[in-house]
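Visitor: Next input, structure requested:
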Amino acid sequence: MSFSAWLSLLAICCLGAMSPGPSLAMVVRHTLGGGRAKGIICAWAHSIGIGIYALVTLLGLAVLLKQAPMLFNAIAIIGALYLAWMGVQALRSKGGMSEKLAAGKSTDAYTAARDGLAISLFNPKIMLFFLALFSQFVLAADSLVGQSLIVLTPLIVDGLWYTIIALLLSHQSVLPKLKQKAALIDKLSGVVLILLAIRVVVTI
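Guide: The predicted structure follows:
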């Protein structure tokens, strides 16, 4: 892979990571509910999901999945149900961030990691992003170094971007204000997740 091709890959990965969506909402929730550390755990778990998609695309499995509609649809429906469940939980604030904060509790590392990974793996926007844009870079990855860059570049860019978000949101001048809006953030996160689940089902 040439340096110019890698720069193009880097630019696309930066744009993809910085586009607002449910991933941002999830990192916000866990930074709010568990502080800086949990936000960063959520961020890097999310980036692992991104890395998995990059690897799947590199191996050609993404195209294979697209050509096996029954399997593809089954995975999409399972993902949509999980997203909808997460959305309903957030809307009801049962175990949500606002309720945890009111009880003086903190979200745990496992939940932060689970939600970060799930929101990346079950987001059809991310799947389409890799299917549409990554094929050109896969063709350019004609060595082990190039193939490693294909997987590691989006993973690291995504992890660093959401780590920056978690660091900014956990600043002592920002976090107290976020905590005051915990119930609203729960509701907004729930709506975003449910809309995403509906979108998954509609676009199957």
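
Visitor: immediately after whichever strand or helix holds residue 4, which helix or strand?
Guide: Per DSSP states H and E, residue 4 falls inside helix 3-18. Counting by DSSP H and E, the next helix or strand C-terminal to helix 3-18 is helix 22-34.

Visitor: For that next one, name the packing helices and strands.
Guide: The contact analysis (3 or more CB pairs under 8 Å, 6 or more residues apart in numbering; DSSP states H and E) places helix 22-34 against helix 36-58, helix 97-102, helix 109-121, helix 144-169, helix 175-180, helix 182-202. For every residue, glycine as well, the C-beta is placed using N, CA and C.

Visitor: Can you say which of the ones you listed is packed in most?
Guide: Ranked by mean neighbour count, the helices and strands packed on helix 22-34 are led by helix 36-58 with a mean of 23 (mean count of other CB atoms under 10 Å).

Visitor: center of this structure - which residue?
Guide: residue 120 (3.3 Å; CA atoms, centre = their mean).

Visitor: And the closest residue to it other than its chain neighbours, how close does it get to residue 16?
Guide: Leaving aside its sequence neighbours, residue 120 sits nearest to residue 49 (CB to CB, 6 or more residues apart in numbering; 2.9 Å). In this view, residue 49 and residue 16 are 13 Å apart by CB to CB, to the nearest Å.

Visitor: what's the overlap in contacts for the two?
Guide: residue 126 (CB atoms under 8 Å, 6 or more residues apart in numbering).

Visitor: quick one, what contacts the residue nearest to residue 120?
Guide: Residues near residue 49 by CB under 8 Å, 6+ apart: 116, 117, 118, 119, 120, 121, 126.

Visitor: and what of residue 28?
Guide: Each residue near residue 28 by CB under 8 Å, 6+ apart is listed here: 39, 165, 169, 178, 185, 189.

Visitor: Turn those residues into JSON lines, columns for distance to residue 68 and pLDDT.
Guide: Below are the contacts of residue 28 laid out as JSON lines (distance: CB to CB, whole Å; pLDDT from 0 to 100):
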{"residue": "39", "distance to residue 68": "37", "pLDDT": "92"}
{"residue": "165", "distance to residue 68": "36", "pLDDT": "90"}
{"residue": "169", "distance to residue 68": "40", "pLDDT": "84"}
{"residue": "178", "distance to residue 68": "43", "pLDDT": "66"}
{"residue": "185", "distance to residue 68": "38", "pLDDT": "71"}
{"residue": "189", "distance to residue 68": "32", "pLDDT": "73"}
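
Visitor: Would you tell me which one of these comes nearest to residue 12?
Guide: For the contacts of residue 28, the minimum distance to residue 12 (CB to CB) is 19.3 Å, reached by residue 165.
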